[in-house]
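*Asks:* Here's my sequence, what's the structure:
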Amino acid sequence: MPEAEVPGPLTGPEARRRGPGTWTGYLRYGAGKLGGALVSLFAVLVTGFFLFRLIPGDPVKTMTGGRQVSAQQLAAYRREFGLDLPLWQQFTDYCGKALTGDLGTSYQFHVPVLDKITEALPNTLLLTGTAFVLYTALGMYLGTRSAWRHGRLGDRVNTGLALTLYSLPSFWLGLLLIIVFAVGLGPIPGLFPTGGMESGEGGGFAHVLDVAHHLVLPVITLVAVEYGQTLLVTRSALLDEMGSDYLVTARAKGMRDDQVRRRHAVPNALLPTVTLVFVNLGRTVAGVILVETVFSWPGLGGLFYQALSVPDLPLVQGLFLFFASAVIIMNTLADLVYPLLDPRVGR
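*Replies:* Next up is the predicted model:
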C-alpha cells in the first residue's frame, strides 16, 4: 500500500512561507529579540563590574605575595591598575573600553584579558565541544526511545539513571572518577592521567593520542551529568505529541511505527530540544569551571578560578562578560530560529 501524506504541524519551507505571518512580522519579532539581548548584555556589563568588587581581599596585596612593601609602593600599584580612581570613574572607563573590545589588562599575567581568553578558548572548546556532541546525541536518542516505550522497563531505567546522574555535583563525580580510574582502587589499576591536558611527550599522532587520553575522564564526567537534561526534555516533548491526531491518522494509513516516530513525531517535538541545544552550545563556549578545575584542564573555567583567587578584577570581569554573552547570543539565535520551525511563534 502506498504511504499517504499525513497532516501535522507545519515545519520546513511551508512554515517559513506562512510564519510568523509575513517577513515584516518576522523582522519586527527579530528586532524585539535583538533589543532584549542588548539590554541583557548591558545588565551583564553592570553586574559583572560591581559584583566582583564585593569579593574580599586586596588584589594589590595578594600580588605582592606577602612581601614587605611600603605604602608608597602599594599606592603606585593602585595608580597603575586604576584602583585609586573613584568607583564611578572606574565603571565609566570600564564600559567605554569594553564597547571597543578592550577588556583591560590582567593584574597577575600582565597581558590583555582578550589575549588570555583567546589563548585558553581552544582548550575549552576541545573539552566541552566533544562532550556537547556526545551528550546531545545520547540524550536525544535515549529520550526518543524512552518516550516511545513509555512505562516499560527500559524507560524506567533510562529515566531513573538520567535523574540520578543529573543530580550529582560534577566536581564530586570528577573526583570519584579520578580516584577509581586515575589513581586506582583495589584491583582497578590507574588507567588515565589525574589531570592536565598533555604529558608533553612526543609529537604528531602520538601527541593527539596523549591529548585524547587526558580527555577521557573529564568528557565522561560532563556527558554523565549533562545528558540527562536533554533526555528528559526530549522525552517530555515527544510524550506531548504522541496523542496527536495526525499520528493516529498515520498509523491508520498503514505506516510502520518507526516511520511514524521518525518522520512525524520526532520532528514536531524538537522545538524544546532546539532551545536546550542552543543554551548548551552557549555554555560550551563558556566552559565548565568546576570540571576544568578538578582535572587541571587549561581552559577558560580554570582561568576563571585562578582569577578569582587574586582577585584579578579585569580578568574575572572579562571572563564573566564573555561567558554571559555566549549564553545570551545563543538564546537569541534560538529565538530567531523558532519562527522558522513553527509559524505559531512570533505572531
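*Asks:* rest of the way, CA atoms for contacts and neighbours
*Replies:* Fine.
*Asks:* List the contacts of Ala307.
*Replies:* Listed by C-alpha atoms under 8 Å, 6 or more residues apart in numbering, the contact set of Ala307 reads 313, 315-316.
*Asks:* which of the residues you listed tops the neighbour count?
*Replies:* Of all the contacts of Ala307, the highest neighbour tally under other C-alpha atoms under 10 Å goes to Leu315, namely 28 neighbours.
*Asks:* What does the pLDDT read for it?
*Replies:* Here the pLDDT value assigned to Leu315 is 90.
*Asks:* From what I see, it and Val111 are in contact.
*Replies:* No - between Leu315 and Val111 there is no contact under C-alpha atoms under 8 Å: 10.0 Å.
*Asks:* What is the end-to-end distance of stretch 100-110?
*Replies:* 20 Å (C-alpha to C-alpha, to the nearest Å).
*Asks:* Buried residues in that stretch, which are they?
*Replies:* Buried residues in stretch 100-110, counted by 16 or more other C-alpha atoms under 10 Å: 103-108.
*Asks:* how far away is the spatially closest residue to Arg235 that is not a sequence neighbour from Thr273?
*Replies:* Nearest non-adjacent residue to Arg235, counting by C-alpha to C-alpha, 6 or more residues apart in numbering: Gly143, 4.5 Å away. Gly143 sits 10 Å away from Thr273, going by C-alpha to C-alpha.
*Asks:* got any ranges where the stretch 101-250 of the chain has weak pLDDT?
*Replies:* Where the stretch 101-250 of the chain drops to pLDDT under 70, the residues are 201-202, 243-245, 247-248.
*Asks:* elements contacting the helix or strand hosting Asn158?
*Replies:* Using DSSP states H and E, Asn158 sits within helix 153-166. Applying 3 or more C-alpha pairs under 8 Å, 6 or more residues apart in numbering; DSSP states H and E, one finds that helix 153-166 contacts helix 113-148, helix 205-241.
*Asks:* Let's have those in JSON lines, adding mean neighbour count.
*Replies:* Shown next, in JSON lines, are the helices and strands packed on helix 153-166 (neighbours: other C-alpha atoms under 10 Å):
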{"stretch": "helix 113-148", "mean neighbour count": "20"}
{"stretch": "helix 205-241", "mean neighbour count": "20"}
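*Asks:* Looking at those, which is nearest to Tyr305?
*Replies:* Closest of the helices and strands packed on helix 153-166 to Tyr305 is helix 113-148, at 12.9 Å (criterion: C-alpha to C-alpha).
*Asks:* So which elements touch the closest one?
*Replies:* By 3+ C-alpha pairs under 8 Å, 6+ apart, helix 113-148 packs against helix 153-166, helix 205-241, helix 271-286, helix 300-308, helix 313-341.
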